[in-house]
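S.K.: What follows is a protein structure lacking sequence information:
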């Protein structure tokens, strides 16, 4: 019984996160669109990028654009078929990225690289 309550809580939390992401993508994907920075790897790093296929496949919203660009920042070793080391091209077959989406991999410690990239983007 206790295990079922934990699972139910996790499902509710996941649904809330997807709802927020759905609204964010729907509201901001016009014009140049939205890019996606995946910081780290694993299921936690991969979960937010699933918003686009969720909207398109599960919610049948056919006007949802793919991410405008994708940048993965991770120190994981490249490993095909894994979550942490999966290369961006694998996300094409899962409906998360388009074949024409610009894709970048930064193989480094995110605690070093992310502040530098974001400072540049934000012109700090």
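M.R.: In hand now; what should we look at? On a predicted model such as this, the values are computed, not experimentally measured, just so you know.
S.K.: who's in contact with residue 55?
M.R.: Applying C-beta atoms under 8 Å, 6 or more residues apart in numbering, we find residue 55 in contact with 22, 25-26, 61, 64. C-betas here are computed from N, CA, C, even on glycine.
S.K.: how about a cut-off of 6 Å?
M.R.: For residue 55, the contacting residues are 61, 64, by C-beta atoms under 6 Å, 6 or more residues apart in numbering.
S.K.: can you pull out the helices in this structure?
M.R.: 2-28, 42-46, 51-53, 90-93, 110-121 (DSSP state H).
S.K.: And the contacts of stretch 98-106?
M.R.: Contacts of stretch 98-106 (C-beta under 6 Å, 6+ apart): 66-67, 69-73, 88, 92, 113.
S.K.: what mean pLDDT does it have?
M.R.: Stretch 98-106 comes out with an average pLDDT of 90.
S.K.: May I have the distance across that stretch, first residue to last?
M.R.: 19 Å (C-alpha to C-alpha, to the nearest Å).
S.K.: what about the residue sitting nearest the centre point of the chain, distance to residue 119?
M.R.: The chain has residue 49 as the residue nearest its centroid, 2.4 Å off, counting by C-alpha atoms, centre = their mean. From residue 49 across to residue 119, the span is 24 Å (C-beta to C-beta, to the nearest Å).
S.K.: How about residue 70?
M.R.: 20 Å.
S.K.: next one: residue 35
M.R.: 16 Å.
S.K.: So if I had to pick from the two, which one is more boxed in?
M.R.: Ranked by neighbour count (other C-beta atoms under 10 Å), residue 35 and residue 119 place residue 35 first, with 14 against 10.
S.K.: coming back round to it: please tell me the pLDDT value assigned to the residue nearest to the centre of the chain.
M.R.: Per-residue pLDDT puts residue 49 at 79.
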